[in-house]
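Asker: any chance you can model this:
(2 chains)
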Amino acid sequence: MASTLAPGDEPGVTSPARRRGHRRRPVPPENRLTWRIRLRRDRTLILMTLPAIGLLVVFTYLPMLGIVTAFQFYDPLVGIADSEWIGLENFERLFGDPLFWGALENTLYLSAVQLVLYFPIPIMLALLLNSVLNERVRAVIQAVTFLPHFFSWVLVVTIFQQMFGGAGLLNQFLRDHGMGTWDLMTDPDTFALLVTSQVVWKDAGWGIIVFLAALTAINQNLYEAAAVDGAGRWRRMWHVTLPGMRGIIVLMLVLRLGNALSVGFEQLLIQRAGVGHDAADVLDTFAYYYGIGTQDYGYGAAAGIFKSVISLLLLWGANALAHRFGEDGLYRS
Amino acid sequence: MTTMTRSGTPAPRVPRQAPGRRRHPRRPVWEEPPTAPGQAVKGLSLTAVVLIILVPLYCVVLTSLSTPGAINRAGGLVLVPDGLTFDAYETMLSGGPIRRSLFVTLGITVVGTALSMIVSVLCAYGLSRSRSLGHRFLLLILVVTMFVNGGLIPTFLVVNELGGYGQYWSLILPTAVNVFNIIVLRAFFSGTAADLIDAARIDGAGEWHILGSIVLPTSRAVLAVITLFYAVGYWNTFFSVLLYLPTESEKWPLQYVLYQYVNLGATVPGQANSGFGTGAVQIAPLSLQMALVVLTLIPILLVFPFMQRHFAKGMLTGAIKG
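Answerer: The predicted model follows:
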């Protein structure tokens, strides 16, 4: 996993050491020092990392131990240490709960819709933006499309509410022209499209960054060579641009599949009251409402574990698939 | 041929009155001239993209500045200016829950950002030397958390058992460390000014001295961007409030107040009018709601040009790719 850092890392520190193994690596002179001397030399550096490590230990590693609550009847009054152990009962209840299966179905459905309707948009925007020659125009458009990424979900949902809600701009227009009203914010049938358009509005501009970077990394001589050989605009895009972006597209796809079970937690939480839990509950909101909302903590933790395990499997599977197609994916095979 | 030689120089000025169709100075010689329909489609789609983002923001800002009469005539959001007033902002900032939540949010943002930056910069520098003892193990501790974590409920229970329920620190400490930001900082620290640092070390400078007088001054740009990332994150704090402070309305930050008044107010009938204003001035609640939206928006708009400048330079692209 550490090798995913390779781009930002000093070359030759992490990866060659892993590949060659410890013995055969030529030992740099410093490593002949005993660890005591190295500790004395580096203690300030180690000390500097401790505040961050400490915070992670308390707020990330301790909760990892806290997943044992999934096997407990957790009682807030006595804490994790003294709560009653009930084995797999939480999981049995979970798998017999139609609400849980409904949430899983919604999760997969929303993920699939976003994969089809959201994923290609940043790529197309990046291609479009890359073809703008005027630097200033390009910078302005890029700035405007980045902007909503920094808005909170509350803000984005509020803005959509004002546009498409019952009292929003769309319905003002429909009413003024004598048509019936259509409250998109509370319509379960079109909810997946609404959620996806919110994601597009908020994050499509941000998503183009990685693709623009990949585009600028393509060797410009390839375009010239292709043009000299008579390739037109579209052939150059097909035979030069897209192969040049293939690696990053596959990487983003792998990450997306790994996150397939984490669709818009805050986004859906905020809109759940309006559209109802049948349409808006995903695994995360399920864990929140049935774990914390009803104080059935062990039950919610069990749903959380289910999600984490399947997510890791998905990430691993997507990565293996990328390797099979000869791409790097998260790391080189 | 003049255009060819010019194309290499940065931002060449081509006289406007050039006769006939000239090649754009940045267009490579081998590329065919653009077709009119192609240009039209490109222009229209880019305009549409920009409008889709800006028009809603324009409506929100305009409505927040509109008089009750204008809002009534429009039947909701205002598209064309028709009677402007700052009343909504005056009411909002003259006291009451919104002003308090503004101060709460500012406090959380300032304290949280300062803490996050101190912790992250120290950690990133501590890990930036390629041969220091144990740095690989410490880095692994960080990176693991990007892929595995305890999940929502165990984190909630741990914070609760530590006494975080109803406390401001529960909005800051659990999310204070962002591993991704540390890795970006570390990449810059180990990359920049390596010669200077080596020279300082040979001269016997301590780590604190190197960090303070060489590394930090040479990485101002990345420090600014990471600071803004953290600040925006704290400014947008919402879910932690729902988890740890759902009942303590006097401690709510802006995002949560916005959620209560505007989101819930809009879906639960009868709530939109409550909780607002002092009653001295007759104000359409919609303008007040929109003023609240603008209030949460303003800091983002203020800091955005700085962030944008750094993105335009392509500074973070490499790191984000990794």
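Asker: dump the residue contacts of the closest residue to A:Leu170 other than its chain neighbours.
Answerer: Nearest non-adjacent residue to A:Leu170, counting by C-beta to C-beta, 6 or more residues apart in numbering or on different chains: A:Phe164, 5.1 Å away. Where C-beta positions appear, they are placed from N, C-alpha and C, glycine not excepted. Contact analysis of A:Phe164 by C-beta atoms under 8 Å, 6 or more residues apart in numbering or on different chains lists A:170-171, A:183-185, A:194.
Asker: tell me the two of those that are most distant?
Answerer: Of all pairs drawn from these, the greatest distance, 14.1 Å, lies between A:Asn171 and A:Leu194 (C-beta to C-beta).
Asker: pLDDT weak spots in chain B?
Answerer: B:1-23, B:192-193, B:265-284, B:310-322 (pLDDT under 70).
Asker: got phi/psi on the residue nearest the centre of chain A?
Answerer: In chain A, the C-alpha nearest the mean C-alpha coordinate belongs to A:Asn259, at 5.2 Å (C-alpha atoms, centre = their mean). Dihedral pair for A:Asn259: phi -100, psi 10, per degrees, to the nearest 10.
Asker: same question, A:Trp85
Answerer: phi -90, psi 130.
Asker: which ones are touching the closest residue to chain A within the stretch 1-150 of chain B?
Answerer: Ranking the residues of the stretch 1-150 of chain B by distance to chain A (C-beta to the nearest C-beta) places B:Gly150 first, at 2.7 Å. B:Gly150 makes contact with A:60-67, B:158, according to C-beta under 8 Å, 6+ apart.
Asker: any chance of those in CSV with neighbour count as columns?
Answerer: Formatted as CSV, the contacts of B:Gly150 follow (neighbours: other C-beta atoms under 10 Å in any protein chain shown):
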residue, neighbour count
A:Thr60, 21
A:Tyr61, 18
A:Leu62, 19
A:Pro63, 24
A:Met64, 19
A:Leu65, 12
A:Gly66, 22
A:Ile67, 19
B:Val158, 23
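Asker: in stretch B:87-107, which residues are buried?
Answerer: B:87-89, B:91-92, B:97-98, B:101-102, B:104-105 (16 or more other C-beta atoms under 10 Å in any protein chain shown).
Asker: want to throw those into JSON lines with secondary structure and distance to chain A?
Answerer: Putting those into JSON lines (DSSP: H, G, I helix; E, B strand; the rest coil; distance: C-beta to the nearest C-beta, whole Å) gives the following:
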{"residue": "B:Asp87", "secondary structure": "helix", "distance to chain A": "19"}
{"residue": "B:Ala88", "secondary structure": "helix", "distance to chain A": "15"}
{"residue": "B:Tyr89", "secondary structure": "helix", "distance to chain A": "17"}
{"residue": "B:Thr91", "secondary structure": "helix", "distance to chain A": "19"}
{"residue": "B:Met92", "secondary structure": "helix", "distance to chain A": "15"}
{"residue": "B:Pro97", "secondary structure": "helix", "distance to chain A": "16"}
{"residue": "B:Ile98", "secondary structure": "helix", "distance to chain A": "14"}
{"residue": "B:Ser101", "secondary structure": "helix", "distance to chain A": "13"}
{"residue": "B:Leu102", "secondary structure": "helix", "distance to chain A": "15"}
{"residue": "B:Val104", "secondary structure": "helix", "distance to chain A": "15"}
{"residue": "B:Thr105", "secondary structure": "helix", "distance to chain A": "11"}
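Asker: and which of those residues is nearest A:Asp176?
Answerer: Nearest member of the buried residues of stretch B:87-107 to A:Asp176, counting by C-beta to C-beta, is B:Ala88, at 24.2 Å.
Asker: mind listing what the closest one touches?
Answerer: Counting by C-beta under 8 Å, 6+ apart, B:Ala88 has contacts B:64-65, B:283, B:287-288, B:290-291.
Asker: picking up where we left off before, leaving aside the residues adjacent along the chain, what's closest to the residue of the stretch 1-150 of chain B closest to chain A?
Answerer: A:Pro63 (2.7 Å).
Asker: any idea which helix or strand comes after the worst-scoring helix or strand of chain A on mean pLDDT?
Answerer: Every helix and strand of chain A was ranked by mean pLDDT, DSSP states H and E. The lowest is helix A:15-20, at a mean of 45. Sequence order places helix A:35-56 as the next helix or strand after helix A:15-20, per DSSP states H and E.
Asker: same question for the following helix or strand past that following helix, mean pLDDT?
Answerer: Per DSSP H and E, helix A:35-56 leads on to helix A:62-66 as the next helix or strand towards the C-terminus. Averaging pLDDT along helix A:62-66 gives 88.
Asker: mind giving me the packing neighbours of the following helix or strand past helix A:62-66?
Answerer: Downstream of helix A:62-66, the next assigned helix or strand under DSSP H and E is strand A:72-73. Strand A:72-73 is packed against strand A:84-85, with contacts defined by 3 or more C-beta pairs under 8 Å, 6 or more residues apart in numbering or on different chains; DSSP states H and E.
Asker: now do the strand or helix carrying B:Gly233: which elements does it pack against?
Answerer: For B:Gly233, the host element (DSSP H and E) is helix B:220-235. Other helices and strands packing on helix B:220-235, by 3+ C-beta pairs under 8 Å, 6+ apart, are helix B:96-126, helix B:179-191, helix B:285-312.
Asker: now it, how far from the centre of its chain.
Answerer: Chain-centre distance of helix B:220-235: 8 Å, with C-alpha atoms, centre = their mean, to the nearest Å.
Asker: show me the shaky parts of the stretch 201-333 of chain A.
Answerer: A:332-333.
Asker: in it, which spans are helices?
Answerer: Counting by DSSP state H, counting those that start in this stretch, the stretch 201-333 of chain A has these helices, from start to end: A:220-228, A:233-236, A:242-258, A:265-275, A:277-280, A:283-287, A:297-324.
Asker: residues contacting the residue nearest to B:Thr67 when sequence neighbours are not counted?
Answerer: Among residues not flanking B:Thr67 along the chain, B:Gly83 sits closest, at 4.0 Å (C-beta to C-beta, 6+ apart). Shown in contact with B:Gly83 (C-beta under 8 Å, 6+ apart): B:66-67, B:69-70.
Asker: does B:Val29 count as helix, strand or coil?
Answerer: Under DSSP: H, G, I helix; E, B strand; the rest coil, B:Val29 falls in the coil class.
Asker: okay, the residue found closest to B:Leu254 once you drop the neighbours it is linked to in the chain and B:Phe304: tell me how far apart.
Answerer: Distances taken as C-beta to C-beta, 6+ apart place B:Thr105 nearest to B:Leu254, at 4.5 Å, with adjacent residues excluded. Using C-beta to C-beta, to the nearest Å, B:Thr105 is found at 17 Å from B:Phe304.
Asker: with A:Ile270 instead?
Answerer: Using C-beta to C-beta, we find A:Ile270 at a distance of 23 Å from B:Phe304.
Asker: which one of the two is surrounded by more residues?
Answerer: A:Ile270 (24 against 17; other C-beta atoms under 10 Å in any protein chain shown).
Asker: you'd agree that one is up against A:Val154?
Answerer: Yes: assessed by C-beta atoms under 8 Å, A:Ile270 is found in contact with A:Val154 at 6.1 Å.
Asker: quick one on the thing from earlier: in TSV, list the contacts of B:Gly83 along with neighbour count and secondary structure.
Answerer: TSV is the format used below for the contacts of B:Gly83 (neighbours: other C-beta atoms under 10 Å in any protein chain shown; DSSP: H, G, I helix; E, B strand; the rest coil):
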residue	neighbour count	secondary structure
B:Ser66	26	strand
B:Thr67	19	coil
B:Gly69	12	helix
B:Ala70	20	helix
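Asker: and the furthest pair within those?
Answerer: Distance extremes for the contacts of B:Gly83: the farthest pair is B:Ser66 and B:Gly69 at 8.3 Å, using C-beta to C-beta.
Asker: of the contacts of B:Gly150, which is the nearest to B:Ile298?
Answerer: When these are ranked by distance to B:Ile298 (C-beta to C-beta), A:Thr60 comes first, at 32.8 Å.
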